[in-house]
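K.L.:
this one's sequence-less:
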């Protein structure tokens, strides 16, 4: 078993096997507002000590690592903001060349020059500048430009893996989930899979049907290959603002398990009563909740039909046309 860096939350550590895996690349991806940056901050703040040489080295491409944000989280934990900030080395970049230089050269140069002891390495996010440059590329040149940019990202990812291995600490890459348009082709297949799963049909490949093995992230196949741990963060439709962390890939832990969590002032939180669960259990729970909501909507539209009538009506409405 490898060494882990605690995230600061016992339940999340349970999901991941102890925290972020040291010596390898860990990738976090998901929708905006799901706490990708917060999770890394949470991890750093939970692993501080009095040694001023211990540093978290962060490439910030989206201006998410502000002094105010880190200070607020530190204060919420009872930490001294000024002393806390001394443990962060943040490289704010707006161009891919600067991002490349930070990962390929500055990390190691600054560690040697200052005799730092890395807590972790992170690029947050690796997709931001890459995506922006693609948007500014003429359509006729898009394929070639995409290959060129992905090649540079691949070199950076390989370098992060080398740094993580050399310093026996995690390298963490943040990226985005692919757009809804890119995923729309899978929507019908996923709906059919859910329907078959709830009907109790055997032989349903629930993980593949829901895209769990496709890893719909931005960054290319090299990112998927080099990432020994993949964590996907999702927002759930709930009044409490619940979100879901899914361990989709790990070289040491069972995958396709998940944990509900929330984002609070002090950072990433998962209740002590919340348990790590198989992804299929949560899918079933969410699908049942959605089915109940739809039945209630139909009941209101139908002027108060009985639940039995609603289930029959719902079954008729969702039966695919034959022929």
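P.N.:
Good, I have the coordinates. Worth saying up front: this structure is predicted, and the values here are computed from it rather than measured. Residues are numbered from 1 along each chain as shown.
K.L.:
Tell me which residues touch the residue nearest to residue 62 when sequence neighbours are not counted, please.
P.N.:
Of all residues not flanking residue 62 in the chain, residue 128 sits nearest, at 4.9 Å (Cβ to Cβ, 6 or more residues apart in numbering). The C-beta positions use only the backbone N, C-alpha and C, and glycine is treated the same way. With contact set as Cβ atoms under 8 Å, 6 or more residues apart in numbering, residue 128 has these partners: 61, 62, 176.
K.L.:
Now list the buried members of those.
P.N.:
With neighbours counted using 16 or more other Cβ atoms under 10 Å, the contacts of residue 128 contain these buried positions: 61, 176.
K.L.:
next one: phi and psi at the residue nearest to residue 62?
P.N.:
Note on residue 128: its backbone torsions stand at phi -60, psi -60 [degrees, to the nearest 10].
K.L.:
pLDDT weak spots in this structure?
P.N.:
Within the chain, the segments meeting pLDDT under 70 span 1-2, 131, 134-135, 142, 178-214, 303-323.
K.L.:
switch to 50 and redo it
P.N.:
Along the chain, the parts satisfying pLDDT under 50 run over 181-186, 202-213, 309-323.
K.L.:
Give me the longest helix you can find in it.
P.N.:
In the chain, taking DSSP state H as the definition, the longest helix is helix 142-167.
K.L.:
quick one, phi psi at residue 95?
P.N.:
Residue 95 adopts backbone torsions of phi -130, psi 150, taken as degrees, to the nearest 10.
K.L.:
Equivalent analysis for residue 138, please.
P.N.:
The phi/psi pair for residue 138 (degrees, to the nearest 10) reads phi -60, psi 140.
K.L.:
now the helices for this structure?
P.N.:
For the chain, the helices defined by DSSP H occupy 10-16, 36-45, 67-76, 81-85, 96-101, 107-114, 128-135, 142-167, 180-183, 187-198, 206-209, 221-226, 279-301, 307-318.
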